[in-house]
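*Asks:* build me a model from this:
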Amino acid sequence: MQNLRFLDKRDARRIIEKIKGIYGISSLDFDYDILVSKKGRLFLISKAIKKIDLSRLNINSLGLYFGTLEGDLRLSIEGSQLVGKKATKNIIEISDEDVKKWMSGNDIYTSSTSNHFVIIKNKNDFLGSGKCSNGKILNYVPKSRRTKM
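*Replies:* Numbers count the residues shown, from 1 in each chain. Below you'll find the model as predicted:
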């Protein structure tokens, strides 16, 4: 596992506290271990993985891609779905028309003037996260997951 390392409890707790603070979550208990890649990508994985000898394997990724540390924490689509259900702040609700734009990889506009990552939501669906800056939300939907308009 040259490219991945397990976060110790202190670092994992720091990330969970960061998520709680950013998204206004009172209780967030992950029953997972957190792996981090050299590029700052975070993966959630069952704690049972430690029972397997991975030392002789060349593994690039393992578990569920949760997000990336970019100074701040940018949640993946799955990360936003796990966190969004409990979030009370930094959620931007978008229209059905904006969903089409967002899932096509386009930036969308908002009245928010904040300058941080937000969770994108439409009705009961969480669609990932984007960087909100000057009334614009920068899109991070991977090309492989975009839809064609």
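*Asks:* could you chop this structure up by domain?
*Replies:* Here the domain parsing of the chain from automatic domain parsing is 1-89, 90-149.
*Asks:* hey, least reliable of these by pLDDT?
*Replies:* Sorting the domains of the chain by mean pLDDT places domain 1-89 lowest, at a mean of 89.
*Asks:* past the longest helix anywhere in the chain, which element shows up next along the chain?
*Replies:* Assignment by DSSP state H gives helix 9-23 as the longest helix of the chain. Note on helix 9-23: by DSSP states H and E, the next helix or strand toward the C-terminus is strand 32-37.
*Asks:* contacting residues for the closest residue to Arg74 other than its chain neighbours?
*Replies:* Nearest non-adjacent residue to Arg74, counting by Cβ to Cβ, 6 or more residues apart in numbering: Thr68, 4.9 Å away. (Each C-beta comes from the backbone N, C-alpha and C, glycine too.) With contact taken as Cβ atoms under 8 Å, 6 or more residues apart in numbering, Thr68 is in contact with Lys39, Gly40, Arg41, Leu42, Arg74, Ser76.
*Asks:* this completes my enquiry, with thanks.
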